[in-house]
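Enquirer: Based on what follows, work out the 3D shape:
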Amino acid sequence: MRLIFIRHGDPDYKNDNLTEKGKREVALLTKRVCSWKNITQFYQSPLGRAKATAAPSLSALGREAVTCSWLREFDYKVHMTKNYPDKARVGKDVMCWDFLPEFFMSDKKFFDKDAWADSKLMKTGKIKQYYKQLCDGIDGVLSEYGYTRNKKGFYDVAKPVPNRNWSEPVDGYHLKSVKDDYPEEPTLVFFCHLGAMFAVIAHLVGLSPMQLWQGFFVAPTSVTVLNSEERLEGQAWFRVERLGDTNHLTNGGERISSSGYFADVLDEAVSH
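Expert: Numbers count the residues shown, from 1 in each chain. Now for the predicted structure:
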């Protein structure tokens, strides 16, 4: 199974829409999405900027997307504790993953995939509840296609796609894979947000989402791909194949947006 996550275009957060730059980004993204084959289903966040990003692709392909409330941005609030370095934020309700490094590194629970939501800060909001909703949401979608999360944290596959790894295992790396020979294998595309996307990925690969929120960035309209490795029949584990790919922007001469990033993005856009 292949999962493709697309962050919305350069955002106009005030109006929950896209900027003019975002619309240019989406035009380039749409060409890319329309080149993909065998897309099983599209999903989208209920927020306007995600829907505006998805709409041109859906229209061009004559498809519809399933709108999922759990796929909305993970922008839930916590009440900032008194030991935060920026005293202007102390005692205020702030987004649950926008922290300075001094604070983020001060609590070991933030790095624990099972305990991060039980940290003192997260307990000042309903973060554990919202994260469970998101995890239940993605697991519910996967279960519709025969991928059921088990108590060990990986996925049982109801109808495994034949794979030579089962009968002809290769020691080390470079495993033989014939997954692409089977077009019926599900490919799901999600139009959503940086925060929600990282929360989903953390759940799928066994990490604390705090590590992704604090340590990684994906630009507007970037493409992130996960694939299920099924090295044993009936068992699946998801791995990130591509993270934040913006080739459509670079090749189209559109600069990469730094929205959600506190540094300059490497500019590789090729003018045409």
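
Enquirer: only C-alpha atoms for contact and neighbour calcs from this point on.
Expert: Fine.

Enquirer: I'd like the distance between Thr250 and Ser257.
Expert: To Ser257, Thr250 is 11 Å away according to CA to CA, to the nearest Å.

Enquirer: higher neighbour count, the two?
Expert: Ser257 (23 against 17; other CA atoms under 10 Å).

Enquirer: quick one, what contacts the more buried one?
Expert: Asp10, Ala219, Pro220, Val265 (CA atoms under 8 Å, 6 or more residues apart in numbering).

Enquirer: how about the closest residue to the first one other than its chain neighbours, what does it touch?
Expert: By the measure of CA to CA, 6 or more residues apart in numbering, the closest residue to Asp10 outside its immediate chain neighbours is Gly22, 4.0 Å from it. With contacts defined as CA under 8 Å, 6+ apart, Gly22 is in contact with Gly9, Asp10, Pro11, Pro220.

Enquirer: For the helix or strand Gly22 falls within, buried residues please.
Expert: In the assignment (DSSP states H and E), Gly22 maps to helix 20-34. Buried residues in helix 20-34, defined by neighbour count with 16 or more other CA atoms under 10 Å: Lys21, Gly22, Lys23, Arg24, Glu25, Val26, Ala27, Leu28, Leu29, Thr30, Val33.

Enquirer: can you redo these as a markdown table with pLDDT?
Expert: Output for the buried residues of helix 20-34, formatted as a markdown table (pLDDT from 0 to 100):
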| residue | pLDDT |
| --- | --- |
| Lys21 | 98 |
| Gly22 | 98 |
| Lys23 | 98 |
| Arg24 | 98 |
| Glu25 | 98 |
| Val26 | 98 |
| Ala27 | 98 |
| Leu28 | 98 |
| Leu29 | 98 |
| Thr30 | 98 |
| Val33 | 98 |
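
Enquirer: Going along the chain, name the strands of this protein.
Expert: With strands called from DSSP state E, the chain shows them at 2-7, 11-12, 17-18, 41-44, 65-67, 77-79, 93-95, 147-149, 155-157, 187-192, 223-229, 235-245.

Enquirer: Determine which of those approaches Ala117 most closely.
Expert: With CA to CA, the closest approach to Ala117 among the strands of the chain belongs to strand 77-79: 11.1 Å.
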